[in-house]
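1. Sequence plus the predicted model coming up.
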Amino acid sequence: MKNPVQEPVEQYALRMVNVEKYFGLVRALTNINMEVGRNEIVGLIGDNGAGKSTIVKILTGVFPPTRGELHVAGRKIDFRHYNVQSAHAHGIETVYQDKSLGEKQVLWRNFFIGRQIVNRFGFIDVKKEKTIANQIMIEKIGFRGKGITVDSTVSQLSGGERQGIAIGRAMYFKADLIILDEPTVALSLKEVAKVIEFVHRIKEGGKASIYISHSIPDVYEVSDRFIVLDRGEIGASIPKKDISLKELDAFLLDYAHGRKDKG
Amino acid sequence: MNVIRSFFNFLRRLEGIPIAMVLAVLYIALIIAAPKVFTRPLIYISFLETVQPTLIAALGLTLVITAGEIDLSFPAVVSLSGFALSWGWKTFDPSYGPWIGIVLALFAGALVGYINGLMVARIGVPSIMATLAANFFWYGISILLAGGLQVTLKGSQNNFVHELFVGRLFGMLPVQAFWSLALAVLLWFILNRHKFGEGIMFIGDNANVARVMGVNVEATRIRLFALQGMVAAFSGIIVTLDIGVFYPDQGNFLLPAMASVFVGGTSIAGGAGSIFGTVFGSYVIGSLAAGVVATTISGYWVQVVEGLVMAAVIVLNAATGKGKIAGLSGRLGHWRTPASPKTSPGLVQKGDRAPN
């Protein structure tokens, strides 16, 4: 039953099959079936409590689902051996709104924390790490000049620049899927624009991403497809080409009202 | 403006420089105030001996505080390890008894630290409470074991172990000063160049970030407290050997050690630590009492002066720390060129974000 045709072995970066999650008796996710293409940016939309962060936590290995399967780049995940570290090994990286970087630490340490280049006694090769960090800054995220170097601390960066560092780090470590969990919360418009520019670089780099945000214009701008979550279920999956921002906005509004009336 | 900025940047790079300058100013003041004492080498040699136990404990404490934790239990470890050393010394043959004592002392320190680490990392007890309780408990154990008595290290003056750790180099320089300097260098490399130390900094900065970035937070914390226990035990070994007597209260320098760390520029907030700041800070703290007495001011003034100097140095640290004066000089340059456009090519304009 193997593929006789030379298709790409796996067309999805990620596939969730019939995933369910209970917290005690509370059902947080029901029958989640979704996939993310290898070079697709999927916008995950939903109200508070719709289950977005539950999905993120399952994908990043914080906790396993109650039922269902997760396939990453075609490999089925064994949840008994799946945690935050092994999610990294599977090529899933996450950029959170505020807990991706150590604020008082210099940038080159932030690039390599958890994956340092060390000799066999565990001592860090500072020179090599700095050189690579500098390459990431210039090539992956396009930091130039601005007085920011690999020796700057994160606290010297603006909010958008911080997310850029986190995204650049994920790209350097060959992440196939970058999950952006509310990366633009509490940022000014100008900084949001920077983050969006970084997300475009993920697409150009041939990688996949799940973009989670409350800001529908931002989601619309970066995504190829929208998945609407509602009370733990997938309500709709709409390709960007089938819908305009206005229509999407209206759809979401109708959707919320429609559901509310039924419930 | 650039000169000022690069000067501050330069100072920031060199660890412990501000506090080294404070130490220099202090000694200059003392030379002026008490020339008879401070122009002769004897007082400095005496500092090289008396400062070391506090300095060693403060070095370990620097790592703990960098991780955003605290250790109040090292005085008990200094006591307990001293007892372990004295027990080995008196129980076994002088040719190897001291070595057994040293191994026991380090083991006792590591054990106490390991238990502290388990309480903090596994059970989640705040370190200030866990180590406070540990200090009472292990100090009590030390008194119980010693029967409340002191123990003399018989024949310590002629023993090789004594020579090795607290002897005099060229008949004059206390060897323990070199031991603590070596320890400082070792701990500097561990903190600044080893992935264990990088884990310590990230945990002190934000333990959640450290965790999601793949640092084993729990194991790092446990190892850190075990290391601190061993460092404190080494301090206890030095104290006991130096005076040739174990007595239960010998670790009574909790506050001077903490003051040394903070005066040295390590922030209580965690995330960054200055090992050589602690070295110089220990000499500042350790020189004050003798210095004030030598100036023939009444001895009652000692603590007043100590408190003043500590407060002054800590204010100085807060003012010159990263993002304060150094940042201000950076900002001056920023104000000079106000309208520098920070756009990068291909940046999405606000207008075409919503193509509908």
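-> On my side now, so go ahead.
2. what comes up buried for the longest helix seen in chain A?
-> When chain A is parsed with DSSP state H, its longest helix is helix A:245-262. Within helix A:245-262, the residues scored as buried using 16 or more other CB atoms under 10 Å in any protein chain shown are A:245, A:248-249, A:251-252, A:255. (Glycine included, C-beta is placed from N, CA and C.)
3. now for the residues you listed, which pair is the farthest apart?
-> Using CB to CB, the buried residues of helix A:245-262 span at most 15.2 Å, a distance reached by A:245 and A:255.
4. Confirm that residue A:13 sits in a helix.
-> No. With DSSP: H, G, I helix; E, B strand; the rest coil as the criterion, residue A:13 is strand rather than part of a helix.
5. Next, please give the residue ranges for the strands of chain B.
-> With DSSP state E as the criterion, chain B has strands at B:151-152, B:168-169, B:173-174, B:245-246.
6. ok, now chain A?
-> Counting by DSSP E, chain A has strands at residues A:12-23, A:26-37, A:41-46, A:67-72, A:75-76, A:92-96, A:177-181, A:208-212, A:225-230, A:233-239.
7. closest to chain B out of the ones you listed?
-> Proximity to chain B (CB to the nearest CB) singles out strand A:92-96 among those, at 7.0 Å.
8. Can you tell me what sits against the closest one?
-> Identification of contacts with strand A:92-96 by CB atoms under 8 Å, 6 or more residues apart in numbering or on different chains yields A:14, A:56, A:59-60, A:72, A:87, A:100, A:163, A:166-167, A:169-170, A:173, A:175-183, B:212.
9. run the last query once more with 6 Å
-> For strand A:92-96, the surrounding residues in contact (CB atoms under 6 Å, 6 or more residues apart in numbering or on different chains) are A:60, A:166-167, A:170, A:175, A:177-181, A:183.
10. burial count for the closest residue to chain B within the stretch 101-250 of chain A?
-> Using CB to the nearest CB, residue A:114 is the residue of the stretch 101-250 of chain A that sits closest to chain B, at 3.0 Å. As a burial measure, residue A:114 scores 20 neighbours (other CB atoms under 10 Å in any protein chain shown).
11. how near is it to residue A:73?
-> Plainly put, residue A:114 is 21 Å away from residue A:73 if you go by CB to CB, to the nearest Å.
12. circling back to that earlier point, among the contacts of strand A:92-96, which ones are buried?
-> Buried by 16+ other CB under 10 Å: A:60, A:166-167, A:170, A:175, A:177-181, A:183, out of these.
13. one step back: is it possible to get JSON lines of the strands of chain A that adds distance to residue B:279 and mean pLDDT?
-> As requested, the strands of chain A are exported to JSON lines (distance: least, CB to CB, whole Å; pLDDT from 0 to 100):
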{"stretch": "strand A:12-23", "distance to residue B:279": "51", "mean pLDDT": "90"}
{"stretch": "strand A:26-37", "distance to residue B:279": "53", "mean pLDDT": "90"}
{"stretch": "strand A:41-46", "distance to residue B:279": "52", "mean pLDDT": "91"}
{"stretch": "strand A:67-72", "distance to residue B:279": "49", "mean pLDDT": "90"}
{"stretch": "strand A:75-76", "distance to residue B:279": "52", "mean pLDDT": "86"}
{"stretch": "strand A:92-96", "distance to residue B:279": "38", "mean pLDDT": "86"}
{"stretch": "strand A:177-181", "distance to residue B:279": "43", "mean pLDDT": "91"}
{"stretch": "strand A:208-212", "distance to residue B:279": "48", "mean pLDDT": "92"}
{"stretch": "strand A:225-230", "distance to residue B:279": "56", "mean pLDDT": "90"}
{"stretch": "strand A:233-239", "distance to residue B:279": "60", "mean pLDDT": "88"}
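14. Give me the helix or strand of chain B that scores worst on average pLDDT.
-> Least confident helix or strand, chain B: helix B:325-336 with a mean of 40, by mean pLDDT, DSSP states H and E.
15. Just the helices from the stretch 101-250 of chain A, written as ranges.
-> A:107-112, A:126-135, A:159-172, A:189-204, A:216-222, A:245-262 (DSSP state H, counting those that start in this stretch).
16. Can you pick out the most distant pair from the buried ones among the contacts of strand A:92-96?
-> Across these, no pair lies farther apart than A:60 and A:167, at 15.5 Å, counting by CB to CB.
17. Tell me the residues on the stretch 51-200 of chain A that lie near chain B, please.
-> For the stretch 51-200 of chain A, the residues in contact with chain B (CB under 6 Å from any CB of the partner chain) are A:84-85, A:99, A:102, A:104-105, A:109, A:113-114, A:116, A:118, A:122-124, A:142, A:193, A:196-197.
18. how about a cut-off of 8 Å?
-> A:60, A:84-85, A:88, A:94, A:96, A:99-105, A:109, A:113-116, A:118, A:121-124, A:126, A:142, A:144, A:146-147, A:153, A:155-156, A:189, A:193-194, A:196-197, A:200 (CB under 8 Å from any CB of the partner chain).
19. Whichever of those residues end up buried, select them in PyMOL.
-> Buried residues within these, by 16+ other CB under 10 Å, are selected in PyMOL with:
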select buried, chain A and resi 60+84+85+88+94+96+99+100+101+102+103+104+105+109+113+114+115+116+118+123+124+142+153+155+156+193+194+196+197+200
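20. what residue ranges in chain A are flagged as low confidence?
-> By pLDDT under 70, the weakly predicted segments of chain A are A:1-9, A:144-146, A:258-263.
21. Swap in 50 and give it another go.
-> Applying pLDDT under 50 to chain A flags residues A:1-3, A:260-263.
22. quick one on the thing from earlier: so what's the residue of the stretch 101-250 of chain A closest to chain B closest to, chain neighbours aside?
-> Nearest residue to residue A:114 in three dimensions, chain neighbours excluded: residue B:214, at 3.0 Å (CB to CB, 6 or more residues apart in numbering or on different chains).
23. which residue ends up closest to the midpoint of chain A in space?
-> residue A:179 (0.8 Å; CA atoms, centre = their mean).
24. That one and residue A:213 touch, don't they?
-> No. Counting by CB atoms under 8 Å, residue A:213 is not a contact partner of residue A:179; they are 11.8 Å apart.
25. tell me which parts of the stretch 51-200 of chain B are close to chain A?
-> So the stretch 51-200 of chain B meets chain A at B:189, B:193-196, B:198 (CB under 8 Å from any CB).
26. Which of these sits closest to residue B:120?
-> Among these, residue B:196 lies closest to residue B:120 (CB to CB), at 16.4 Å.
27. Could you tell me how many residues sit around the closest one?
-> Residue B:196, neighbours per other CB under 10 Å, totals 18.
28. cool, and residue A:243?
-> Counted by other CB under 10 Å, the residues lying close to residue A:243 total 17.
29. Now do the closest residue to it other than its chain neighbours against residue B:238, distance only.
-> Spatial nearest neighbour of residue A:243, excluding adjacent residues (CB to CB, 6+ apart): residue A:251 at 6.9 Å. Distance of residue A:251 to residue B:238, computed by CB to CB: 74 Å.
30. again, but for residue A:134
-> From residue A:134 over to residue B:238 (counting by CB to CB), the distance is 44 Å.
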